[in-house]
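In: Next come a sequence and a model predicted from it.
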Number of protein chains: 2
Amino acid sequence: MNTKDLAYFDRLIKLKNFSQVANEFGVTQPTITMAIQRLEAEFQAKLVLRDRVHHELVVTASGRQLAVHAESVLQELALAHQEITHLTQDQTVLGLPPIIENYYFPQVAASLQKRGMLADIRTLTGGSVWLRNALRDGQADLALLGSTAPLAYKSLIAEEFDRQPFNIFVSAAHPLAKRKRIYFSELKQEKFVLFNHSFVHNTAFNLLTRRNHFRPDVVFRATDTHAIMNLVAENVGVTFLTGIVDQHRPDVARLELLDDEQPAFLSSIVYRSSHVLTPAQQQVLTILRTTLTRS
Amino acid sequence: MNTKDLAYFDRLIKLKNFSQVANEFGVTQPTITMAIQRLEAEFQAKLVLRDRVHHELVVTASGRQLAVHAESVLQELALAHQEITHLTQDQTVLGLPPIIENYYFPQVAASLQKRGMLADIRTLTGGSVWLRNALRDGQADLALLGSTAPLAYKSLIAEEFDRQPFNIFVSAAHPLAKRKRIYFSELKQEKFVLFNHSFVHNTAFNLLTRRNHFRPDVVFRATDTHAIMNLVAENVGVTFLTGIVDQHRPDVARLELLDDEQPAFLSSIVYRSSHVLTPAQQQVLTILRTTLTRS
DNA sequence: CCCCATTATAAATTATTTTTATAGTCGCTG
DNA sequence: CAGCGACTATAAAAATAATTTATAATGGGG
């Protein structure tokens, strides 16, 4: 079977139009007709029904079933391409969420530089949720990810190396600024400045708001710690971040949370279980482990 | 790309000999040479090195990486074939471990028969561990599985419907037969007759022996409850089974375990998350749910 | 040195896919 | 209701791709 046929089929399921699929792939329309016929012969089943009455394309149960597998076959092959490209170029793509990039990466970078390995590393920045997908899709080979619970995905191997509590940051001008510790429930009336949705902070934050039965007033979401801190300093709102971002700013105060069973920010080294690490990637992994794991 | 090439490659990685692979597929040797060259061109990387000196075939890092994905592509396609065959024949293959087949299935079968659906169901018998693989590989569409912990596999959906403690069964002639309850540690000196390894009972049993620091004297392993019970009745050994197998035999006594945090035998309805259920399979699922879930 | 077991290469053959050209279906519209 | 437009199907020809046949190349061992 030709994987091209699966690619045609995959698009057909989505576009529901033979001619459009043909266009997208730069082939003629009968090519798609023939491809589908080949698949129908191969699997001995009708995959799509041409319902001319309601002029739409109906995907049969078999078609839906094949679509599921076609997609993962194509995904698997794309992954193979990505990984082998990185492999032959002896390049390592390391995914880093901004908080981790700021706090943990400098030590790692120093260690890598000493061994002359920093040049072979490309970093990829994004929220932990987004990076987890990038890792799965082969855009990254290794990643340092944040999470609120230990990462347990069959396709990924995660090695936790740190665990930090979340803190509340308020402007020095804020009435709460003189407090050292606070219960989350005391923040019901506050305005919040938070990370945008692809960050795990939200998972933890949502857990706490749910547990304390309130709908937080989120006035702004940003992608960058500094941006958030600047807004907090200006008293636009308060924020919810890990202690490690503490920049010792005189205009922002950090408060610890007093709640029981608080969520924590776990940091892990993560890579695909299906990924064959190059010697260089293996070395990067070792350096990450030795640099980050606190004894 | 042709999946045939991946199949050739997959075998080549294992056999490490072009001619043998050609033989297995009933093609000539240059076919394999060409297939590998096509893949090497496609992925722009050497996949195997022909080391004539030590006359063996060396798989490169890229080759190993591709092998991982090739295998899962082929597996995915085989699965698609299986599932679509079941789909078009409107057949449901239901996996049942023998204990569940004996205890839970009769009620289900009655319910299915009433709706005239029993004929479209083929059952597949085996230990829970074996059946889980059969389910993954598409040999079964649905299964009732036993486990000691909730089943959590990304590729499978499991709905727990019952939870039973494990019991000890001894011959009526056995000194322990007059007891009603017992600690597992009291069985250190006993001989055991158990299920063979593909049953979850062993997971639970091993947990208890490890926790109580002893190496059990397992005199026999069988695949069938009746066989085990007969051996127990003959005082060949004692056994470790769920209470539900209780056949109210006068020659065998059942003892409850007094240990804290005992493992339990969980029964779940399981199916592949990637599987598109036919209306018939959907119905079977509903019947399984309503029949098995105790309110 | 020749033979054996391997894998590679090239040309011929065979198989498969794609294109070109055209037909069929159905709904819509004047 | 004829004709047009938006679809998909079919058949023959053309273009590609895979496989075979025949033979070469490589290196080890008798």
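Out: Looks like it arrived, so ask away. Since the structure is predicted, the reported quantities are computational estimates derived from the model, not experimental observations.
In: all strands of the stretch 1-150 of chain A, in order?
Out: Taking DSSP state E, counting those that start in this stretch as the test, the strands found in the stretch 1-150 of chain A are A:48-51, A:56-59, A:92-96, A:121-125, A:142-147.
In: closest one to DNA strand C among those strands?
Out: strand A:48-51 (8.8 Å; C-beta to the nearest atom of the strand). (C-beta placed from N, C-alpha, C; glycine too.)
In: tell me which residues of that closest one are tucked away?
Out: residue A:48 (16 or more other C-beta atoms under 10 Å in any protein chain shown).
In: got the CA coordinates for that strand in PDB?
Out: In PDB, the C-alpha atoms belonging to strand A:48-51 read as follows (Å, rounded to 0.1, in the frame of the first residue of the first chain):
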ATOM      1  CA  VAL A  48     -17.000   6.800   1.700                       C
ATOM      2  CA  LEU A  49     -20.500   7.100   0.200                       C
ATOM      3  CA  ARG A  50     -21.200   9.800  -2.400                       C
ATOM      4  CA  ASP A  51     -24.500  11.100  -1.300                       C
END
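In: quick one: strands adjacent to it?
Out: Strand pairing for strand A:48-51, using DSSP bridges, gives strand A:56-59 (antiparallel).
In: per-residue confidence averaged over the strand it pairs with?
Out: The pLDDT scores in strand A:56-59 average 84.
In: That strand and DNA strand D, are they touching?
Out: Yes. Using C-beta under 7 Å from any atom of the strand, we find that strand A:56-59 touches DNA strand D at residue A:57.
In: What is the neighbour count of residue A:217?
Out: Residue A:217 has 12 neighbours, counted by other C-beta atoms under 10 Å in any protein chain shown.
In: Tell me how far it lies from residue B:224.
Out: 65 Å (C-beta to C-beta, to the nearest Å).
In: Give me the residue ranges of chain A where confidence is low.
Out: A:52-55, A:246-247, A:294-295 (pLDDT under 70).
In: Show me the helices in it, by range?
Out: A:3-15, A:18-25, A:29-43, A:61-88, A:98-103, A:105-114, A:128-136, A:201-211, A:225-233, A:279-292 (DSSP state H).
In: mind checking which of those helices is nearest DNA strand C?
Out: It is, among those and with distance given as C-beta to the nearest atom of the strand, helix A:29-43, at 3.7 Å.
In: mind listing what's buried in that closest one?
Out: A:31, A:32, A:35, A:36, A:39, A:40, A:42, A:43.
In: can you check stretch A:270-282 too?
Out: By neighbour count on 16+ other C-beta under 10 Å, the buried set for stretch A:270-282 is A:270, A:271, A:272, A:274, A:275, A:276, A:277, A:278, A:280, A:281.
In: which one of the residues you listed sits closest to residue A:183?
Out: For the buried residues of stretch A:270-282, the residue nearest residue A:183 by C-beta to C-beta is residue A:270; the value is 32.9 Å.
In: Test my guess that that closest one contacts residue A:155.
Out: No. The criterion here is C-beta atoms under 8 Å, and residue A:270 misses it with residue A:155 at 10.4 Å.
In: got TSV for the helices of chain A, with distance to chain B too?
Out: Converted to TSV, the helices of chain A look like this (distance: least, C-beta to the nearest C-beta, whole Å):
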stretch	distance to chain B
helix A:3-15	5
helix A:18-25	15
helix A:29-43	5
helix A:61-88	4
helix A:98-103	25
helix A:105-114	21
helix A:128-136	11
helix A:201-211	19
helix A:225-233	32
helix A:279-292	8
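In: Now render the ones you listed as CSV, adding distance to residue A:164.
Out: As requested, the helices of chain A are arranged in CSV below (distance: least, C-beta to C-beta, whole Å):
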stretch, distance to residue A:164
helix A:3-15, 42
helix A:18-25, 47
helix A:29-43, 51
helix A:61-88, 31
helix A:98-103, 9
helix A:105-114, 15
helix A:128-136, 14
helix A:201-211, 11
helix A:225-233, 14
helix A:279-292, 13
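In: So which residues on chain A come close to DNA strand C?
Out: A:2, A:4-5, A:22, A:26-31, A:34-35, A:38, A:52-53, A:55.
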